[in-house]
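Asker: need a structure here:
(one chain, ligands or ions: 1)
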Amino acid sequence: MTPSAGIVGAGIMGRMLALALRRKGWDVTLFDRDTEHGTQSCTWTGAGMIAPYCELEAAEQLITALGVRSMDLWPDWMQHFAKPVYYKDGGSLVVAHPNDRLELERLKRRVSDNAPRPDIMREINAAQIGELEPELAERFSSGLYFPFEQHLDNRDLLHAMATTLHRDGVRWITGVEIQSVNAGRVEGPDTWSFDWVFDCRGVGAKEELPTLRGVRGELLYLHAPEVNLSRPVRIMHPRQSIYIVPRPNQIYVVGATAIESEDVREITVRSSLELLSAAYTVHTGFAEARLLETSVSARPALPDNLPRFFVRDGLARINGLYRHGFLIAPALCELMLSYLDRGTAPEDGAKLFEQETV
Ligand SMILES: Cc1cc2nc3c(=O)[nH]c(=O)nc-3n(C[C@H](O)[C@H](O)[C@H](O)COP(=O)(O)OP(=O)(O)OC[C@H]3O[C@@H](n4cnc5c(N)ncnc54)[C@H](O)[C@@H]3O)c2cc1C
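Answerer: Numbers count the residues shown, from 1 in each chain. Below you'll find the predicted structure:
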């Protein structure tokens, strides 16, 4: 008999899992309180970098391993989507102003100590920076280049996933507030029953996952006709590194803050000033940029900032993607499918599975 799945939450995790289960022939229903655009999701705000090595700045090696696996899986996902997504694999660049050179050194050491292979990072000089990003020539005397890293347009991705969900025949119930997610059962204004239920509600799952917290992140969308950058540029800073991530048509995402707060009200003046001045110090062409939009959301995080599968028969809660949703969702999806096939946690991800007690 065809197995049935109810998936609650249509951010990157819920959409990807819905597509993956559908590909395996499951009968899938997806629920979200939002519309199909997904503007209330954290995925709508996220910058879309797939940067497993740069993230070593603050993340564990396990995140790098999941990210490296996801970088292998993304091209297959891109092939599967019903429409093309802005997705690039030209690497990332990390630079620092003279006063912050120690931060660059610190990142270099941290990556060298934890790198799975020596070729994932190259130390480059001013001329080599100019070869990669001509408009940054002579602005920085040295930098780090991560040739294999990727980035994508998160909103394009949400849209492509929505189109594919329809093409593939996933039932999608939008605008529905789900009150409780349990083994085999989803409860909102109605009650729905399935063989398996997957809770992918991000911060919205707090009531059932009390250790979950939101980490506020703010970013800006700029239209900068005088700036031509082709890959994410990260600027090291003692407080928080700031990045500029290109989108088509000279639009740039500049982010992001990380504040221990679930407040998702508008961006503050302090954060706007920090982000804008960081962008301007990288490229003076940002002076004439137009500020198109600000975006704020709360990243779903567990106490150790690692993702988890909380499982019991008929139920899996996948959460804690924190600042790594685009980086790790394909690998998490693969681990989930492997768990469903085997009935037990796969060895390479065993640490991430926890049995949920009733
Ligand atoms: C500023 C910022 C920058 C980021 N940059 C990056 C980056 O460059 N690279 C990277 O890998 N990650 C990045 N992230 C992190 C990434 O965006 C998240 O890890 C990811 O989006 C989490 O996805 P999710 O599917 O778990 O949750 P979400 O995207 O939040 O999806 C959860 C869904 O559940 C729905 N929902 C919640 N509660 C209910 C309910 N009761 N009933 C019905 N529906 C409900 C919501 O409407 C939502 O659609 C960034 C995040 C932020 C905030």
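Asker: helix/strand/coil for the closest residue to the ligand within the stretch 51-200 of the chain?
Answerer: Per Cβ to the nearest ligand atom, residue 178 is where the stretch 51-200 of the chain lies closest to the ligand, at 3.6 Å. To be clear about C-beta, it is placed using only N, CA and C from the backbone, and glycine gets the same treatment. Secondary structure assignment for residue 178 (DSSP: H, G, I helix; E, B strand; the rest coil): coil.
Asker: thought it was touching residue 187?
Answerer: Yes. At 6.9 Å, residue 178 counts as touching residue 187 under the criterion of Cβ atoms under 8 Å.
Asker: these two: which is more packed in?
Answerer: residue 178 (21 against 13; other Cβ atoms under 10 Å).
Asker: how about the nearest residue to that one, chain neighbours excluded?
Answerer: residue 188 (4.4 Å; Cβ to Cβ, 6 or more residues apart in numbering).
Asker: quick one: neighbours of the one you found, just the number.
Answerer: For residue 188, using other Cβ under 10 Å, the count is 16.
Asker: contacting residues around it?
Answerer: Contacts here follow Cβ atoms under 8 Å, 6 or more residues apart in numbering; on that basis residue 188 touches 31, 176, 177, 178, 179.
Asker: out of these, which are buried?
Answerer: With burial judged by 16 or more other Cβ atoms under 10 Å, the buried subset of those is 31, 178.
Asker: nearest residue to residue 46 in space, please, no chain neighbours.
Answerer: residue 154 (5.0 Å).
Asker: what about the one you found, neighbour count?
Answerer: 27.
Asker: now for the worst-scoring helix or strand of the chain on mean pLDDT, which elements pack on it?
Answerer: Ranked by mean pLDDT, DSSP states H and E, the weakest helix or strand in the chain is helix 101-114, scoring a mean of 93. Helices and strands touching helix 101-114, by 3 or more Cβ pairs under 8 Å, 6 or more residues apart in numbering; DSSP states H and E, are strand 92-95, strand 142-146.
Asker: make CSV out of those strands and add mean pLDDT, mean neighbour count and distance to the ligand.
Answerer: What follows is the helices and strands packed on helix 101-114, written out as CSV (pLDDT from 0 to 100; neighbours: other Cβ atoms under 10 Å; distance: least, Cβ to the nearest ligand atom, whole Å):
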stretch, mean pLDDT, mean neighbour count, distance to the ligand
strand 92-95, 97, 26, 10
strand 142-146, 96, 21, 14
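Asker: can you give the strand pairings for whichever strand or helix holds residue 253, parallel or anti for each?
Answerer: Assigning secondary structure by DSSP states H and E places residue 253 in strand 251-255. Applying DSSP bridges, strand 251-255 is found paired with strand 213-223 (antiparallel), strand 242-247 (antiparallel).
Asker: mind listing what's buried along the next helix or strand after it?
Answerer: Following strand 251-255 in sequence order, the next helix or strand is helix 269-282 (DSSP H and E). Buried residues in helix 269-282, counted by 16+ other Cβ under 10 Å: 271, 272, 274, 275, 276, 278, 279, 282.
Asker: show the pLDDT at the second one.
Answerer: Right, the one you point to is residue 272. pLDDT recorded at residue 272 is 97.
Asker: residues in contact with it?
Answerer: By Cβ under 8 Å, 6+ apart, the residues touching residue 272 are 218, 220, 294.
Asker: dump these to a markdown table, plus distance to residue 199, pLDDT and neighbour count.
Answerer: Converted to a markdown table, the contacts of residue 272 look like this (distance: Cβ to Cβ, whole Å; pLDDT from 0 to 100; neighbours: other Cβ atoms under 10 Å):
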| residue | distance to residue 199 | pLDDT | neighbour count |
| --- | --- | --- | --- |
| 218 | 27 | 98 | 24 |
| 220 | 32 | 98 | 22 |
| 294 | 30 | 98 | 17 |
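Asker: nearest to the ligand, of the residues you listed?
Answerer: For the contacts of residue 272, the nearest to the ligand is residue 218 (6.3 Å; Cβ to the nearest ligand atom).
Asker: so what's the residue count around residue 347?
Answerer: By other Cβ under 10 Å, neighbour count at residue 347 equals 9.
Asker: following the longest helix seen in the chain, which helix or strand comes up?
Answerer: For the chain, the helix that runs over the most residues, judged by DSSP state H, is helix 61-80. Next along the chain after helix 61-80, taking DSSP H and E as the criterion, comes strand 87-88.
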